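Trainee: 3D model of this:
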Amino acid sequence: MAAYRLYRSRPDVTTFAEDLFAVLPRTDQRQWAEVYLRGLLTVSGRKSLRRLALAVPGSRTASQCLQQFINASPWDWAPVRQELARTVAAARPPVAWTIGAAVIPKRGEHSAGVHRRYVPEASRTLNCQVGLGLFLSNEECSVPVDWELFLDEGWRTDADRLQRARIPEEASGRSELAQLLDLLDRRPVEPASHPTPLVADLCDLAGADRLPAELAGRGVDYLVRVPPAQLLTAVPAPGHPAAPRAAAELLLAPPARHRLPMLVSVPVRLPGSELPHRLWAHQPGTEPRATRYYLTDLADAGADRIISLLRHLERTRAALATLGEAFGMLDFAGRSFSGWHHHMTMTSAAYAYSRVIATTRPPAVRLPHPVRPGLCAGIPATRTVNSRPGHHRHGRALVRGEAVGAGSGLLSAGA
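Mentor: Residues are numbered from 1 along each chain as shown. Predicted structure coming up:
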């Protein structure tokens with residue numbers, strides 16, 4: 001009865017789901033997408049398939065149908081994410097794009113993309129999946145609208161593991177940097193009169209030192225954290241060309257005063273480029289080793305603008321933590337590549353509804369009786385289904401990054 005009341009308590013979810021999942025070709029896909037979405041929004045605690053099935057009153061097959069919808073169904077998540085991005089941007093125009101990295105602890109070695117990785121926030125090596133999310137961020141919140149699942153060298157070179165996890169060939173040969181750039185290239189096209197800058201802290205990314213040069217060729221304004229060894233060229237006096245030097249040498253850490261966050265900057269250029277850039281050093285406290293270096297092509301931006309942009313990293317960090325704690329990001333127990341992407345699409349949709357859509361739409365006046373979804377293909381009406389026991393949660397989502405003044409780390413259906 002409690003689940004039934006919860007199911008009816010958000011009648012406007014139906015309108016959101018109908019708009020978002022209209023791109024799915026089959027009626028049963030759209031129906032079970034709404035059920036999964038409602039479950040993520042209403043079921044407390046761990047979001048296992050069995051518990052999500054409680055959002056369907058009186059159905060004995062819901063658990064298996066949800067299992068099929070997420071893990072076995074071939075629906076394409078890309079159009080759903082594109083529609084999600086358009087919906088969020090229309091409701092809350094973004095101020096910045098951000099990138100957030102979610103570390104999802106796992107047991108075993110068969111889940112798509114799982115590998116052992118040193119995680120600075122945990123100060124140890126974890127067996128985990130790493131998801132890279134693209135977020136639309138404004139002054140109130142950051143909302144994920146697209147994802148990439150990192151595949152390390154061990155996965156990219158193991159044909160047997162790739163086949164077992166049903167990882168398509170086009171997704172198996174890309175480096176971490178290539179995956180990041182693909183994520184950026186898929187972002188919705190924006191009006192040229194209102195460019196939205198990218199803000200990111202991805203120093204742990206393989207090839208992070210090549211990221212600024214790649215971004216410079218993509219026509220996107222950016223503020224990205226760079227490693228202290230990042231090679232940059234100081235703006236020389238006329239007739240005195242300068243050799244590339246490390247960021248930490250070009251801009252010494254600002255002096256600590258009164259334990260307040262400090263920002264200093266110097267004009268620089270990328271080696272071999274004449275485009276103006278500015279290197280910023282941020283020291284949030286009195287410890288010089290905590291200094292972070294950020295590079296931006298917004299060469300004329302002042303400290304206030306930089307601080308404002310860096311705060312979007314903190315909003316993204318908070319969003320990733322909430323996705324893990326309240327929206328089931330950590331609870332996916334499947335092993336397939338497509339299942340992971342389906343689940344992350346649904347958790348993103350649930351988070352977007354709760355943070356953006358539900359707060360901008362007028363409250364529903366009428367509480368219609370929920371429509372029970374039809375049976376998924378191939379499941380008899382009289383069959384009793386026992387869902388597969390879920391795995392235990394193995395830890396909180398870990399994310400990367402740093403926000404100014406915060407001092408904390410950021411970081412398809414049918415058979």
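
Trainee: looking at the chain, which helix or strand does the model trust least?
Mentor: Counting by mean pLDDT, DSSP states H and E, the chain has its least confident helix or strand at strand 409-410, which shows a mean of 31.

Trainee: all strands in this protein, in order from the N-terminus.
Mentor: 96-105, 115-119, 124-137, 142-149, 198-200, 222-226, 231-234, 245-246, 262-269, 277-283, 292-296, 401-402, 409-410 (DSSP state E).

Trainee: output the below-cut-off pLDDT ranges for this protein.
Mentor: Regions of the chain meeting the criterion pLDDT under 70 cover residues 1-11, 191-193, 237-241, 252-261, 285-289, 359-415.

Trainee: alpha carbons of the longest helix seen in it, as CSV, please.
Mentor: Taking DSSP state H as the criterion, the chain has its longest helix at helix 303-326. Extracted in CSV, the C-alpha atoms of helix 303-326 (Å, rounded to 0.1, in the frame of the first residue of the first chain):
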residue,chain,number,x,y,z
ALA,A,303,39.2,36.7,-10.3
ASP,A,304,35.4,37.0,-9.5
ARG,A,305,34.5,35.3,-12.8
ILE,A,306,37.0,32.5,-12.2
ILE,A,307,35.7,31.9,-8.7
SER,A,308,32.2,31.9,-10.0
LEU,A,309,33.1,29.3,-12.6
LEU,A,310,35.0,27.1,-10.2
ARG,A,311,32.0,26.9,-8.0
HIS,A,312,30.3,24.8,-10.7
LEU,A,313,32.7,22.0,-9.9
GLU,A,314,31.4,22.0,-6.3
ARG,A,315,27.8,21.8,-7.6
THR,A,316,28.8,18.9,-9.8
ARG,A,317,30.6,17.2,-6.9
ALA,A,318,27.4,17.5,-4.8
ALA,A,319,25.3,16.2,-7.7
LEU,A,320,27.5,13.1,-8.0
ALA,A,321,27.2,12.4,-4.3
THR,A,322,23.4,12.7,-4.4
LEU,A,323,23.2,10.5,-7.5
GLY,A,324,25.0,7.7,-5.5
GLU,A,325,23.1,8.2,-2.2
ALA,A,326,19.5,8.9,-3.4
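
Trainee: quick one: it to chain centroid distance?
Mentor: When distances are taken as Cα atoms, centre = their mean, to the nearest Å, helix 303-326 is centred 12 Å away from the chain's centroid.

Trainee: now do stretch 227-235
Mentor: The answer for stretch 227-235 is 28 Å, by Cα atoms, centre = their mean.

Trainee: just stretch 113-132 next, same as before
Mentor: On the basis of Cα atoms, centre = their mean, stretch 113-132 sits 16 Å off its chain's mean C-alpha point.

Trainee: over to stretch 111-128?
Mentor: Computed by Cα atoms, centre = their mean, the chain-centroid distance of stretch 111-128 equals 17 Å.

Trainee: how about stretch 115-128: buried residues?
Mentor: 115, 117, 119, 121, 126, 128 (16 or more other Cβ atoms under 10 Å). All C-beta atoms are positioned from the backbone trio N, CA, C, and that covers glycine.

Trainee: how about stretch 88-107?
Mentor: 88-89, 91-92, 94-106.

Trainee: thinking again about what came up before, okay if I get the strands of the chain as TSV plus distance to Asp304?
Mentor: Output for the strands of the chain, formatted as TSV (distance: least, Cβ to Cβ, whole Å):
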stretch	distance to Asp304
strand 96-105	15
strand 115-119	33
strand 124-137	17
strand 142-149	20
strand 198-200	15
strand 222-226	13
strand 231-234	23
strand 245-246	27
strand 262-269	10
strand 277-283	12
strand 292-296	14
strand 401-402	18
strand 409-410	20
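
Trainee: out of the ones you listed, deepest packed?
Mentor: strand 198-200 (a mean of 29; mean count of other Cβ atoms under 10 Å).

Trainee: output the contacting helices and strands for that strand.
Mentor: On a contact count with 3 or more Cβ pairs under 8 Å, 6 or more residues apart in numbering; DSSP states H and E, strand 198-200 meets strand 96-105, strand 222-226, helix 303-326.

Trainee: and of the buried residues of stretch 115-128, the nearest to Asn71?
Mentor: Using Cβ to Cβ, Cys128 comes nearest to Asn71 of those, at 20.0 Å.

Trainee: ok, the closest one to Lys47 distance?
Mentor: For Cys128, the distance to Lys47 equals 19 Å [Cβ to Cβ, to the nearest Å].

Trainee: again with Trp147
Mentor: Taking Cβ to Cβ, one finds Trp147 at 17 Å from Lys47.

Trainee: tally up the residues packed near the spatially closest residue to Pro195 that is not a sequence neighbour, please.
Mentor: Once flanking residues are discounted, Pro195 sits nearest to Asp221: 5.7 Å by Cβ to Cβ, 6 or more residues apart in numbering. Neighbourhood size, Asp221 [other Cβ atoms under 10 Å]: 17.

Trainee: same question for Asp300.
Mentor: 9.

Trainee: one step back: quick one: closest of the strands of the chain to Tyr353.
Mentor: So among the strands of the chain, strand 142-149 is nearest, using Cβ to Cβ, at 9.8 Å.

Trainee: quick one: residues contacting the nearest residue to Pro79 once chain neighbours are set aside.
Mentor: Nearest residue to Pro79 in three dimensions, chain neighbours excluded: Val23, at 4.1 Å (Cβ to Cβ, 6+ apart). With contact taken as Cβ atoms under 8 Å, 6 or more residues apart in numbering, Val23 is in contact with 79-80, 83.
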